[in-house]
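Undergrad: pasting a predicted model and its sequence here:
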Amino acid sequence: MLLEVIVKEQMALLVKLQEQDQTLGRLRRQIREGPQRIQETEGQVETLQGNLEAGKNRIQEIQKLQRQVEAEVEDGAGHVGKSKIRLLTIKSNKEYQAVLKEIEDSQRANAEKEDKILGCMEEIEGLNEELQYQEKELFAVRETFEKEKKTIEAEVRQGEEQASEVEQRRRDTAKAMDPGLLARYEQLRARTGGRAVAYVENTTCSGCHLNIPPQMYNELQRRDSLKFCPNCDRIIYWKDGATAPEGDMSE
Ligand SMILES: [Zn+2]
């Protein structure tokens, strides 16, 4: 009877320890992932900012081109004016025709350049509209990011507080345990990737999902000795509601 009490008590501590370890694992993940999540969202803001900058640079380039072409048009117009004055003093018909052609060529070139200027203006207008849209988007995304960042930071802080509480409780649990059993638990935990204790329900081990032998299942129900799953080596216990952990233990 005494043995049964001890086994039951140790088993309950083991289950508790595992729950605390699982909670700690979840909290540490939450703490670790916080800064990563912030960085990801920050990356989105930076991408939008980059696009906006690129758009602004493109506008400046087009404006520069436009100014250049405008200067050329002005030069061309000046040239045409001078040529027209020259026409008045030319005596030779051949030369007159040549200058006339020159004027026509310059005028045609200028007309093409004026089209180019119009094209620049249209492109700038389109880009400006796009930039306005992008600026609004950036503003909204940045606002969301600032909110999210605060939420995540609060979650991380909360996680850290909870983790130190659970760590304290875990130390208490471990202290109450048989040192040999605790060592075995730690070994199994390292080997199984976190789950050293498994319940058995309807003769099936919840750790490896394989059946345990009927003889062992009967012994398990007596709860007077610690049992290990013959398939996965996990410490197993009979799930009858009394020692069952709260919630689902599956990962
Ligand atoms: Zn098993």
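TA: Nice, I can see it.
Undergrad: in CSV, list the C-alpha atoms belonging to stretch 6-26.
TA: C-alpha atoms of stretch 6-26 as CSV (Å, rounded to 0.1, in the frame of the first residue of the first chain):
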residue,chain,number,x,y,z
ILE,A,6,4.9,6.5,-3.4
VAL,A,7,4.7,5.3,-7.0
LYS,A,8,1.5,7.2,-7.5
GLU,A,9,3.0,10.4,-6.0
GLN,A,10,6.2,10.1,-8.1
MET,A,11,4.1,9.4,-11.2
ALA,A,12,2.0,12.5,-10.5
LEU,A,13,5.2,14.6,-10.0
LEU,A,14,6.6,13.2,-13.3
VAL,A,15,3.5,14.2,-15.2
LYS,A,16,3.5,17.6,-13.6
LEU,A,17,7.2,18.1,-14.4
GLN,A,18,6.5,17.2,-18.0
GLU,A,19,3.7,19.7,-18.2
GLN,A,20,5.9,22.4,-16.8
ASP,A,21,8.6,21.6,-19.3
GLN,A,22,6.1,21.7,-22.1
THR,A,23,4.8,25.1,-20.9
LEU,A,24,8.4,26.3,-20.6
GLY,A,25,9.2,25.2,-24.1
ARG,A,26,6.1,27.0,-25.4
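Undergrad: quick one: contacts for the residue of the chain most remote from its centre?
TA: Using Cα atoms, centre = their mean, the residue of the chain lying farthest from its centre is Lys91. It sits 80.3 Å away. Counting by Cβ atoms under 8 Å, 6 or more residues apart in numbering, Lys91 touches no other residue. Every residue, glycine included, has its C-beta placed from N, CA and C.
Undergrad: could you look up the SS state of it?
TA: Put simply, Lys91 is coil when judged by DSSP: H, G, I helix; E, B strand; the rest coil.
Undergrad: same check, this time on Tyr199
TA: Per three-state DSSP, Tyr199 ends up strand.
Undergrad: this structure against the ion: which residues are in contact?
TA: Residues of the chain lying near the ion by Cβ under 5 Å from the ion: 205, 207-208, 229, 231-232.
Undergrad: from Lys149, how far off is the most centrally placed residue in the chain?
TA: By Cα atoms, centre = their mean, the mean C-alpha position of the chain lies nearest to Glu40, the distance being 3.8 Å. Going from Glu40 to Lys149 by Cβ to Cβ, to the nearest Å gives 11 Å.
Undergrad: equivalent analysis for Val197, please.
TA: From Val197 to Lys149 the distance is 38 Å (Cβ to Cβ).
Undergrad: for Arg108, same thing?
TA: Counting by Cβ to Cβ - Arg108 and Lys149 are separated by 60 Å.
Undergrad: which of these two has more residues huddled nearby?
TA: Lys149 (15 against 11; other Cβ atoms under 10 Å).
Undergrad: ok but the more buried one is inside a strand, no?
TA: No. Under three-state DSSP, Lys149 sits outside any strand and is assigned helix.
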